[in-house]
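Participant: quick one, what's the 3D model for this:
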Amino acid sequence: MPSAKIERHAAPLRLQVVTSLREDILEGVLAPGERLLENALCDSYGVSRTVVREALRQLESESLITMLPGRGPIVTVLEKHDIQALYQVRAALEGLAAELFARDASAEQAARMCALIESMEARYLHGTVETREESKEEFYSLLLEGAGNAVLENQLRGVHTRIGLFRRYAFIDEHRVAISMEELRQIVHELAVTRDPAAARRASEHHIQLAGELAVLEYTKRLQHTEEVSEIAI
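Facilitator: As a prediction, the model looks like this:
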């Protein structure tokens, strides 16, 4: 169960609980299939039942929580085909973003992208999980800024929220990080140096295809571990 009570800040309590609960799910504190009992959540976070229910509704809309008839909310459990479907959509959206950036981004945005990939040598390749997350988020922010399509940005942000758990697998695996860095260099070369829309799209889609394969592998391992722990507890 969650480990920390919510401290009162200026942000609405609901938002604070949503953020904390989301992090607990993405970091594996709450495992796929785990029941989310309202009373336990109220005690863990130190908030009212109303706040907890509002937070659960928000996370249900993000597909991180599933409401089961007669059982209540659980952490969403995904099947292999669910993950593959998510990454198919992600590949299409990021491929489009890369294509638009290569075609439409300003010279200043392209220069910033080149500078960013250089800084990622230390912060991503040789960094921590936290700096890897931060630098990858900067990459996507700049990519979407250069793509200049608000509808695309909204859709891709939604997909990124749903696959937050899988993205973290890549930040932990040092071998995958090294491969990812090479893929990112290739993407940025097509985005900001050659400015080749078709090549940028292909490079981006390839990057996400490999990420999807890793996601399926690691999520399956995690589910198996959760099931083994449950059997021992029984």
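Participant: what is the neighbour count of G70?
Facilitator: Around G70 there are 4 other residues, counting by other Cβ atoms under 10 Å. In short, each C-beta sits where N, CA and C put it, glycine included.
Participant: should've said L143
Facilitator: That count, for L143 with other Cβ under 10 Å as the rule, works out to 25.
Participant: for it, give its distance to L37.
Facilitator: Separation of L143 from L37 (Cβ to Cβ, to the nearest Å) stands at 40 Å.
Participant: same thing with Y169?
Facilitator: 28 Å.
Participant: with L116 instead?
Facilitator: From L116 to L37 the distance is 43 Å (Cβ to Cβ).
Participant: cool, D24 as well?
Facilitator: 14 Å.
Participant: same drill for those two, tell me which one is more crowded.
Facilitator: When D24 is set against L37 and neighbours are counted by other Cβ under 10 Å, the residue ahead is D24, at 21 against 14.
Participant: counting by contacts, list what the host helix or strand of that one packs against.
Facilitator: Per DSSP states H and E, D24 falls inside helix 13-26. When contacts are defined as 3 or more Cβ pairs under 8 Å, 6 or more residues apart in numbering; DSSP states H and E, helix 13-26 packs onto helix 38-45, helix 49-61, helix 164-172.
Participant: got the contact list for the last one?
Facilitator: What that stands for is helix 164-172. Applying Cβ atoms under 8 Å, 6 or more residues apart in numbering, the external contacts of helix 164-172 come out as 22, 25-28, 83, 129, 132-133, 136, 160, 176-177, 180, 211, 214-215, 218-219.
Participant: buried by neighbour count, from the residues you listed: which ones?
Facilitator: 22, 25-26, 83, 132-133, 136, 160, 176-177, 180, 211, 214-215, 218-219 (16 or more other Cβ atoms under 10 Å).
Participant: tell me the one of the residues you listed nearest T50?
Facilitator: Checking the buried ones among the contacts of helix 164-172 against T50 by Cβ to Cβ gives R22 as the nearest, at 18.6 Å.
Participant: what's near enough to touch the closest one?
Facilitator: So R22 contacts L59, E62, L64, G164 (Cβ under 8 Å, 6+ apart).
Participant: can you tell me which of the residues you listed is nearest V17?
Facilitator: Closest to V17, out of all of the contacts of R22 and judged by Cβ to Cβ, is L59, at 9.5 Å.
Participant: count of neighbours near the closest one?
Facilitator: What L59 shows, counting by other Cβ under 10 Å, is a neighbour count of 21.
Participant: quick check: it touching S20?
Facilitator: No: contact criterion Cβ atoms under 8 Å: L59 and S20 do not qualify, at 10.8 Å.
Participant: run the chain-centre distance for the least confident helix or strand in the chain by mean pLDDT.
Facilitator: Each helix and strand of the chain was given a mean pLDDT (mean pLDDT, DSSP states H and E); the minimum falls on helix 164-172 at a mean of 73. On the basis of Cα atoms, centre = their mean, to the nearest Å, helix 164-172 sits 7 Å off its chain's mean C-alpha point.
Participant: now swap in stretch 16-24 and tell me
Facilitator: For stretch 16-24, the distance to the chain centre is 14 Å (Cα atoms, centre = their mean).
Participant: remind me, longest helix of the chain?
Facilitator: helix 197-233 (DSSP state H).
Participant: mean confidence for it?
Facilitator: What helix 197-233 shows for mean pLDDT is 78.
Participant: buried residues in that helix, which are they?
Facilitator: Quick answer for helix 197-233 (16+ other Cβ under 10 Å): 197, 199-205, 207-208, 211-212, 214-216, 218-219, 223, 226.
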